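Trainee: No sequence on hand, only this structure:
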């Protein structure tokens, strides 16, 4: 089944990509203000959000987040990193750091 790529679909993916990339840039700026583990995790988040945004640009040309399979794997890997970062943040917060 071929996906129908409408202009509205493309524009919504461009907007979404812009949002994720902007969040990534915010994490990059936050990394400059921190040291140690917080800086490292901010940098990881920055790269991950930018990559997730780029995946939306790719999605705008493929018509679906799950097709082709490598795009699904790319997006899934980004989501796993987001989940890992969130868990690490919550653990540090609970420990009082």
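Mentor: Great, that's in hand. Bear in mind the structure is a predicted one, so any value in this text is a computation, not a measurement.
Trainee: going forward, measure contacts and count neighbours with C-alpha atoms only.
Mentor: Noted.
Trainee: Need the pLDDT of residue 96.
Mentor: Per-residue confidence (pLDDT) for residue 96: 84.
Trainee: That one and residue 28: what is the separation?
Mentor: 23 Å (Cα to Cα, to the nearest Å).
Trainee: same question, residue 49
Mentor: Applying Cα to Cα to residue 49 and residue 28 gives a distance of 10 Å.
Trainee: got it, and residue 85?
Mentor: Residue 85 is 15 Å from residue 28, by Cα to Cα.
Trainee: quick one, which of these two is more surrounded?
Mentor: residue 28 (20 against 16; other Cα atoms under 10 Å).
Trainee: Where does the more buried one fall, secondary structure wise?
Mentor: Using DSSP states H and E, residue 28 sits in helix 7-32.
Trainee: and if you look at residue 38?
Mentor: helix 36-62.
Trainee: Run the angle between that helix and helix 7-32 for me.
Mentor: 170 degrees (axes from the mean of the first three to the mean of the last three Cα atoms, to 10 degrees).
Trainee: Counting by contacts, list what helix 36-62 packs against.
Mentor: helix 7-32, helix 69-94 (3 or more Cα pairs under 8 Å, 6 or more residues apart in numbering; DSSP states H and E).
Trainee: so which of those comes closest to residue 42?
Mentor: helix 7-32 (5.2 Å; Cα to Cα).
Trainee: Name the residues of that closest one that come out as buried.
Mentor: Residues of helix 7-32 classed as buried: 10, 13-14, 16-18, 20-25, 27-28, 30-31 (neighbour count, 16 or more other Cα atoms under 10 Å).
Trainee: Looking at those, spot the one nearest residue 59.
Mentor: Once Cα to Cα is applied, the member of those that ends up nearest residue 59 is residue 13, at 7.2 Å.
Trainee: Contact partners for the closest one?
Mentor: Residues counted as contacts of residue 13 (Cα atoms under 8 Å, 6 or more residues apart in numbering) are 56-57, 59-60.
Trainee: redo that, cut-off 7 Å
Mentor: Shown in contact with residue 13 (Cα atoms under 7 Å, 6 or more residues apart in numbering): 56-57, 60.
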